[in-house]
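**Q** Predicted model follows, preceded by the sequence.
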Amino acid sequence: MALRVVGDSYPRLEAVRKINGTAKYTDDYTLPNMVYAMVKRSPYSHAKVISIDKTESEKVPGVLKILLPQDVPQRLYNSAVITQSPVFIEDQTILTDHPLFMGDRIAAVAATSEIACQEALDKLVIEYEILKPVFDVLEAMKEDADLLHPDLFDSNVFYKKELKRGDIDQGFAESDYIFEDEFSVPTVQNISLEPNGCICNYSDGGKLTIISTSQSPFKDKRLLARLLEMRENDIRVIKPIMGGGFGERQQIHNQPVAAIFSKELGRPVKIINSREEQMYGSTVRHSAKMKLKIGVSREGYLKAMLVDNYLNSGAYANVAGIVVNISLAFTNYKIPHFLGRGYAIYTNHVPGGAMRGFGNPQATFAREVMFEKIAKALQLDPVDFRRKNHVNSGDKIPGSEKTVFSCAMEECIVEAEQIRKNIDLGANQKKPESNHIKEAWGVAFGCHPSGAGTIADASGCLIMINSDGTVSLLTGSADIGQGSETILSQIAAEGLGIDLNDITIIAADTEITPYETGTVASSQAYRAGNAVTQAVEDCIHKTKERLARLYSVDGKEIGFAKGRFTLNSGRKNFDMDLKEVMEMLTLKTGYEIITGSSNYKPADDPLSFVVCWAKVAVDERAKSVQVKHIIQAVDVGQPINPDVVEGQIHGGISMGLGYALTEEIEIDRITKKVLSSDLLHYNTPLALDMPAIHTHIVTSYESTGPFGAKSVGELPTPPVAPAIVNAIYNATGTYMTAIPITHTYYPKGSNS
């Protein structure tokens, strides 16, 4: 099918505003009579507040109000709740006198300036009883471990999940070889360029308006209504331009505090996290310990796989239950006997939440590193071993039993291999300068779904066609920097047969745009894109009906293709594009307005696939590693905007690079406090640390997607770390089961 807008790399709609500085982020908004607020966070990883003296704080000029735990609702909530499913355990309060992690909210101050807020926070006198924290999941699981939430659970293991196929014992009995190993992955930060921020305005005493860094405005609205005992219709959430999200804005952050201040003061209240607060006071990717047992035949066919995943949820449940499920559900290989067991465990670590990959980076690391070991032991080519076991169209995924409808993995394998050969044969490739520098490639495969696949997964869209044929597109989808507003506009333009500059998009404002679950689970191109497609179809159907009435013919006689409406019925004939039709329906025959709407609920969340190669140079004498090249060939269905897809691949690779090499939220062993409280000590890769990146986008077709599209957002990250670790294994013979590698095999800080 020839396409005219979809498939082309149009510039992002907001690009010029970002370049010239006119894009407005949350902190750029200043409302009349606005004041500021800041949060007092626990300096201890586990403690109880004995007393708080705010006498001196209240004397600070400009201080308007101080909130303590007893001043706010103590209703338990889950900051990421999407539905009232039992998997979303409610265990957190707005402010607490029993902080369970360093960064827990104790108190808050509102004042006329940020300086006054900080001075008042510094003058709060808080007496703590310091309690013993636990950070390791295996320690937290012991029977004598202190319980973090004894009122809710009699164990720190608060969620368990088992997914299975076949008979695991039979599978191991049928295996010629059995391999076992244990793996460990760290807690890491999202490192969004923009910190969490919000402005809450209840100054009219009737409605609460919130401007905030949010990936899920409608979810935030619903949760805040419950917390603040308000009607949902009395809350409006607006998402402005955002500097990233990667999952952490799926959770509400400081909105309840700012909302309470605004309601009590009758003034707009702004809270913007400092970078230090962002590091230890927002959610992180869950660390995990995993045990794998894999049975294979002597020919290299997978027979059985047993996975035990112990997920570190930190102080609160948040999305840990779903992350456990995802970590077990998407194993993109044909395994006749599969058993996955997952456990979500409370510790005093920074709370885990949504982060790019959502359980997949943890699981993919363990599986793909283990596969490299198996391939070597059986003397099989690592690509052939994976290829012969990989799912194809029509197969089902073990664990989730999801059917694969489209899979272009073979083309991904072939294209990635060709890129790799071209690199190695390139005229500019130099051999290592000395014998102690070893170079090698490592490979990993991966997959990720296009949506959450839950009962809450839904997206609405409204399209209004103007008299001149231009279009207003309303969607609840939140563009957090990934370019979704551009691709949704391209989908609408393609479907209606008009130019992209004929589309005006209004997005993510709960008062004027239709419902959308949120920018989660790599769902916008697929879920929101399908909603746009359905709204376009509704517009076309209504236009045909009105033309049929006008020409006194059956609507079935009117055709629409390639942006043109046609009729060929005796002496009644026409061939018009949308602009000509709208001019006739409005200006010539009486004003008739065409609108189209949709409420799309996906029946599936199809898988996208990736092949990732990494080339490293290991200096065995200096104990350093340099990642020189990373290749990714991806199957994302029909790419709506190839440049946007490629941007997502580059961004995902950068996050995978840090995950593999250097990143970790560290806890000081003596003080039991978070060490990684700023970007200087966190050691995330910078632009100059990036390797050469080579991409290939396979143009396949997913029958359930808009114009054949699937997802890309989270797909590139999971295979990067195992590909790098496998490359080091191939270069040095050192097999590593833990990341970041600077903390395991290499001295910390030696990475170059």
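**A** Done, it's in.
**Q** how near is Leu328 to Asp605?
**A** 16 Å (C-beta to C-beta, to the nearest Å). For every residue, glycine as well, the C-beta is placed using N, CA and C.
**Q** What's the local residue count around His681?
**A** Number of residues near His681 (other C-beta atoms under 10 Å) recorded here: 11.
**Q** Neighbours of the residue nearest to it when sequence neighbours are not counted, how many?
**A** For His681, the nearest residue in space outside its immediate sequence neighbours is Leu675; the separation is 6.3 Å by C-beta to C-beta, 6 or more residues apart in numbering. Residues within reach of Leu675, counting by other C-beta under 10 Å, total 16.
**Q** how about His98, what does it touch?
**A** Taking C-beta atoms under 8 Å, 6 or more residues apart in numbering, we find His98 in contact with 47-49.
**Q** can you rerun that using 6 Å?
**A** Listed by C-beta atoms under 6 Å, 6 or more residues apart in numbering, the contact set of His98 reads Lys48.
**Q** Secondary structure class of it, three-state.
**A** Under DSSP: H, G, I helix; E, B strand; the rest coil, His98 falls in the coil class.
**Q** Report pLDDT for it.
**A** His98 is assigned a predicted lDDT (pLDDT) of 98.
**Q** How far away from the center of its chain is the helix or strand bottoming out on mean pLDDT in the chain?
**A** Among the helices and strands of the chain, helix 679-682 carries the lowest confidence by mean pLDDT, DSSP states H and E, at a mean of 89. Here helix 679-682 is found 23 Å from its chain centre; the criterion is C-alpha atoms, centre = their mean, to the nearest Å.
**Q** pretty sure the residue nearest to His681 is in contact with Arg669, am I right?
**A** No - here Leu675 lies out of contact with Arg669, judged by C-beta atoms under 6 Å, at a distance of 9.6 Å.
**Q** Which residue ranges of the stretch 451-600 of the chain form helices?
**A** Under the criterion DSSP state H, counting those that start in this stretch, the stretch 451-600 of the chain contains helices at 484-496, 529-551, 578-583.
**Q** follow-up on the earlier one: for the least confident helix or strand of the chain, buried residues please.
**A** Residues of helix 679-682 classed as buried under the neighbour-count rule (16 or more other C-beta atoms under 10 Å) are Tyr682.
**Q** Next secondary structure element downstream of it?
**A** On the C-terminal side of helix 679-682, the nearest following helix or strand under DSSP states H and E is strand 692-698.
**Q** if we can go back for a sec, winner for burial among the helices of the stretch 451-600 of the chain?
**A** helix 484-496 (a mean of 26; mean count of other C-beta atoms under 10 Å).
**Q** Could you tell me the angle between that helix and helix 529-551?
**A** Orientation check (axes from the mean of the first three to the mean of the last three C-alpha atoms, to 10 degrees): helix 484-496 against helix 529-551 gives 30 degrees.
**Q** avg pLDDT for helix 484-496?
**A** In this model, helix 484-496 carries a mean pLDDT of 98.
**Q** And the contacts of it?
**A** Under C-beta under 6 Å, 6+ apart, the answer for helix 484-496 is 5-6, 12-13, 473, 475, 477, 479, 500, 503, 505, 507, 524-525, 528-529, 532-533, 536, 578, 640-641, 706.
**Q** and the residues you listed, which of them are in strands?
**A** When DSSP state E defines the strands, the subset of the contacts of helix 484-496 inside them is 473, 475, 503, 505, 507.
**Q** Name the member of these with the most neighbours.
**A** Thr475 (32 neighbours).
**Q** Was I right to think that one contacts Ala508?
**A** No - counting by C-beta under 6 Å, no contact exists between Thr475 and Ala508, whose distance comes to 7.7 Å.
**Q** what secondary structure does Phe135 sit in?
**A** Secondary structure, three-state DSSP: Phe135 is coil.
**Q** Can we start the residue count at 524 from this point?
**A** I'll keep to 524 as the first residue from here, and by that count the last item is Phe658.
**Q** hmm, back to that, for Leu618, which of the helices of the stretch 974-1123 of the chain is the nearest?
**A** Evaluated with C-beta to C-beta, those place helix 1007-1019 nearest to Leu618, the distance being 34.4 Å.
**Q** Let me know the angle separating that closest one from strand 1026-1030.
**A** Interaxial angle of helix 1007-1019 relative to strand 1026-1030 (the same axes, to 10 degrees): 140 degrees.
**Q** residues in contact with stretch 695-710?
**A** Applying C-beta under 6 Å, 6+ apart, the external contacts of stretch 695-710 come out as 807, 810-821, 826-827, 885, 888-889, 893, 897, 1187-1188, 1260-1262.
**Q** what does stretch 675-683 give?
**A** In this structure, residues lying in contact with stretch 675-683 by C-beta under 6 Å, 6+ apart are 614, 663-664, 668, 671, 844, 866-869.
**Q** List the residues that contact Pro1245.
**A** Pro1245 is in contact with 888, 891-892, 967, counting by C-beta under 6 Å, 6+ apart.
**Q** for it, helix, strand, or coil?
**A** Reduced to three states with three-state DSSP, the structure at Pro1245 is helix.
**Q** Report the beta-bridge partners for Leu1090.
**A** Taking DSSP bridges, one obtains Phe1097 as the residues bridged to Leu1090.
**Q** residues contacting it?
**A** Residues in contact with Leu1090, defined by C-beta under 6 Å, 6+ apart, are 1081, 1096-1097.
**Q** could you dump these to TSV with distance to Arg1087?
**A** Converted to TSV, those look like this (distance: C-beta to C-beta, whole Å):
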residue	distance to Arg1087
Ile1081	11
Asn1096	13
Phe1097	10
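**Q** Let's see if you can find the most crowded of those.
**A** Ile1081 (21 neighbours).
**Q** pretty sure it is touching Thr1066, no?
**A** No - contact status for Ile1081 versus Thr1066: not in contact, 8.5 Å apart, counting by C-beta under 6 Å.
**Q** which parts of stretch 660-673 are buried?
**A** The neighbour-count check on stretch 660-673 (16+ other C-beta under 10 Å) flags 660, 663-664, 668, 671-672 as buried.
**Q** Would you map the strands across the stretch 574-723 of the chain?
**A** Using DSSP state E, counting those that start in this stretch, the strands assigned to the stretch 574-723 of the chain run over residues 586-590, 628-634, 648-653, 680-688, 700-708, 720-724.
**Q** Which strand residues bridge Ala560?
**A** Going by DSSP bridges, Ala560 forms beta bridges with Ala633.
**Q** contacting residues around it?
**A** Taking C-beta under 6 Å, 6+ apart as the definition of contact, the neighbours of Ala560 are 631, 633, 781, 784, 792, 794.
**Q** For it, give its distance to Glu787.
**A** For Ala560, the distance to Glu787 (C-beta to C-beta) stands at 11 Å.
**Q** With His872 instead?
**A** The separation that His872 has from Glu787, given C-beta to C-beta, amounts to 33 Å.
**Q** More neighbours: these two, which one.
**A** Looking at His872 and Glu787 with other C-beta under 10 Å, you find the greater number of neighbours at His872, namely 29 against 15.
**Q** If I take the host helix or strand of Ala939 and strand 1215-1221, what angle do their directions form?
**A** Following DSSP H and E, the helix or strand that holds Ala939 is helix 932-948. Here the directions of helix 932-948 and strand 1215-1221 differ by 150 degrees (the same axes, to 10 degrees).
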